[in-house]
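> give me coordinates for this.
(one chain, ligands or ions: 1)
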Amino acid sequence: MDKLNIRGGHRLSGDIIVSGAKNAALPELCAALLVAGPVTLDNVPLLQDVATTLKVLRTMGATAERSSSSQPDQVLIDASTINTPEAPYELVKTMRASILVLGPLLARFGQATVSLPGGCAIGSRPVDQHIKGLQAMGADIRVEHGNIVARAARLKGARITTDMVTVTGTENLLMAATLAEGETILENAAQEPEIPDLAELLIKMGARIEGHGTHRIRIQGVERLHSPSVAHRIVADRIEAGTFLCAVAATGGDVTLRGARADHLDAVIDKLREAGAHIESGQSAAGEDWIRVQSEGRLRAVSFRTSEYPAFPTDMQAQFMAVNCIAEGVARVSETIFENRFMHVNELVRLGAHIAVDGHTAIVEGIPRLSGAAVMATDLRASASLVIAGLVAEGQTVVDRIYHLDRGYDRMEAKLRGVGADIERIKG
Ligand code: EPZ
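I've put the predicted structure just below:
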């Protein structure tokens, strides 16, 4: 297993190019199942989860490849050759987001067999809302031998109110509704920016969608969708951008994130400013979005609680906790979305952090400095938190099991080295 070897204490300065969003790429790759023809996506990040999704699509009989070495961030999918509308356990168990093939397969083929995703480190991650919504659209869904077995001659539009805001639940139902008969209204829909980005791709494919990005999405089903006439460029990854903002805030320095949209990170930027970081943003003459972060001296501890977009994202909780570990004062961090998303705490404590967990709240008492140690990644965003902590800890930090990191960060160590971090990958 690969490890990251980090020697802390270096300020970061320069530019980082932010990649396309993992949590937009995964549903958009699955959206290609809705049409019998080519779909080209640009700005597709080089991630393990993307590679897994391409493999799932290929096992069904689709073409799903990166276009060429000259365009490494472009992917071409052609689902006209699908012969097996199934997602096997061997693949789904490695990536829960494979559930996102369920809606498209059911809508286009009238059937789907998708392994019921297990839980993961951060929680049980049920998919009951996905199933409830598809049943409301007329699907016959049973769970047999660990598989979701779904059938529907043709889905019918329905008004669906999910019990809670669910990002992939909204995405699955949105994709299914594009080919349903009649109108579907998704109440209590998720508003994360990856959803409007998915909707824009579906609209380029001929879908009729309104209200994407709000809590009410209205879809008029159509008979069939068509290949987009142009490639769709995936929105920048706001969580990758937020992760680098936290890294620079903690280490001190001056870094510009190119391609990142500040309007997708309001809650995180507000909290970093409250902590004492200086952040500005804009667009270049060429129309490229950018966010610049400058940080000098010790930050102030800042309390926050995670919630659905546009509030503070749960995917940034671990990273901002690392910032609080070395800030001045005490911070209360509340995790309201997942039941077990504090596994980075024990590893941060190994680096000297003073953190006490009480249920869904962690109390972080900032100290002047952390001390390097061997630590172990437990999940994707916990890995990022440990990298940030390693960048500020005195001496050497070795982060093990970074296959977690590789699922969701595109060449992170190269990007950090490019702005002055002392970090290298140890092949294991
Ligand atoms: C998406 O997961 C993201 N993944 C997660 O990012 C992110 O943390 C999460 O949304 C919340 O923003 C992708 O987009 C691929 P949910 P998702 O359904 O859709 C409960 C990362 O680090 N729930 O919005 O699985 C659920 O247990 C990953 O990039 C049900 O009970 O999350 C949770 O408590 C981690 N039943 C809450 O809702 C359901 O059917 C929100 O989950 C669905 C969800």
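> after the helix-or-strand element of the chain with minimal mean pLDDT comes which helix or strand?
Among the helices and strands of the chain, helix 89-92 carries the lowest confidence by mean pLDDT, DSSP states H and E, at a mean of 88. Following helix 89-92 in sequence order, the next helix or strand is helix 102-109 (DSSP states H and E).
> which positions within the following helix or strand past that following helix qualify as buried?
Downstream of helix 102-109, the next assigned helix or strand under DSSP H and E is strand 111-115. Of all the residues in strand 111-115, those buried under the rule 16 or more other CB atoms under 10 Å are Gln111, Ala112, Thr113, Val114, Ser115. For every residue, glycine as well, the C-beta is placed using N, CA and C.
> stretch 57-75 too?
Leu57, Met60, Ala62, Thr63, Ala64, Arg66, Ser67, Asp73, Gln74, Val75.
> and what of stretch 271-286?
Lys271, Leu272, Ala275, Gly276, Ala277, Ile279, Ser281.
> just the residues you listed: which are in strands?
Ile279, Ser281 (DSSP state E).
> among the buried residues of stretch 271-286, which one sits closest to Arg238?
Ser281 (12.2 Å; CB to CB).
> quick one, what contacts the closest one?
Ala260, Ala262, Ile269, Asp289, Trp290, Ile291, Arg292 (CB atoms under 8 Å, 6 or more residues apart in numbering).
> swap in Met60?
Leu33, Ala79, Ile82, Asn83, Thr84, Pro85, Glu86, Ala87, Val101, Leu105.
> where does it land on pLDDT?
Met60 carries a pLDDT score of 95 in this model.
> what of Ala262?
Reported pLDDT for Ala262: 98.
> for the remainder of this discussion, apply numbering that starts at 321.
Taking 321 as the first residue, the last one we looked at is Ala582.
> what is the burial count for it?
20 (other CB atoms under 10 Å).
> dump the buried residues of stretch 377-395 to JSON lines, plus secondary structure.
Formatted as JSON lines, the buried residues of stretch 377-395 follow (DSSP: H, G, I helix; E, B strand; the rest coil):
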{"residue": "Leu377", "secondary structure": "helix"}
{"residue": "Met380", "secondary structure": "coil"}
{"residue": "Ala382", "secondary structure": "coil"}
{"residue": "Thr383", "secondary structure": "strand"}
{"residue": "Ala384", "secondary structure": "strand"}
{"residue": "Arg386", "secondary structure": "strand"}
{"residue": "Ser387", "secondary structure": "strand"}
{"residue": "Asp393", "secondary structure": "strand"}
{"residue": "Gln394", "secondary structure": "strand"}
{"residue": "Val395", "secondary structure": "strand"}
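> which two among these are spaced furthest apart?
Met380 and Asp393 (23.4 Å).
> output the contacts of Ser601 as CSV; include the columns secondary structure and distance to Thr482.
What follows is those, written out as CSV (DSSP: H, G, I helix; E, B strand; the rest coil; distance: CB to CB, whole Å):
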residue, secondary structure, distance to Thr482
Ala580, coil, 29
Ala582, helix, 29
Ile589, helix, 29
Asp609, strand, 31
Trp610, strand, 35
Ile611, strand, 32
Arg612, strand, 38
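> quick check: closest non-adjacent residue to the residue located most distally from the centre of the chain.
Centroid-distance maximum for the chain: Ala473 at 32.6 Å, with CA atoms, centre = their mean. Nearest residue to Ala473, sequence neighbours excluded (CB to CB, 6 or more residues apart in numbering): Gly430, at 5.9 Å.
> now do Met641
Val653 (5.5 Å).
> beta partners of Asp720?
Counting by DSSP bridges, Asp720 forms beta bridges with Met696.
> quick check, it in contact with Ser703.
No. If you go by CB atoms under 8 Å, Asp720 and Ser703 don't touch, sitting 9.8 Å apart.
> ok, the two, which is more surrounded?
Set Asp720 next to Ser703 and count neighbours by other CB under 10 Å: Ser703 wins out with 30 against 19.
> so who does that one touch?
Ala697, Val719, Arg721, Ile722, His724, Leu725, Tyr729.
> and if you look at Leu396?
Pro358, Val359, Thr360, Thr383, Ala384, Glu385, Arg386, Ser387.
> and what of Gly738?
Gly334, Asp335, Ile336.
> with distance to Val739 and neighbour count added, can I get those residues in JSON lines?
Putting the contacts of Gly738 into JSON lines (distance: CB to CB, whole Å; neighbours: other CB atoms under 10 Å) gives the following:
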{"residue": "Gly334", "distance to Val739": "4", "neighbour count": "12"}
{"residue": "Asp335", "distance to Val739": "7", "neighbour count": "13"}
{"residue": "Ile336", "distance to Val739": "6", "neighbour count": "24"}
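> circling back: isn't the residue farthest from the centre of the chain up against Ala427?
No. Contact between Ala473 and Ala427 fails when scored by CB under 8 Å: they sit 11.6 Å apart.
> just the buried subset of the contacts of Ser703, please.
Buried among the contacts of Ser703 (16+ other CB under 10 Å): Ala697, Val719, Arg721, Ile722, His724, Leu725, Tyr729.
> against Gly710, how distant is the nearest residue to the first one once chain neighbours are set aside?
The shortest distance from Ala697 to any residue other than its chain neighbours is 3.7 Å, reached at Ser703 (CB to CB, 6+ apart). When CB to CB, to the nearest Å is the yardstick, Ser703 and Gly710 sit 11 Å from each other.
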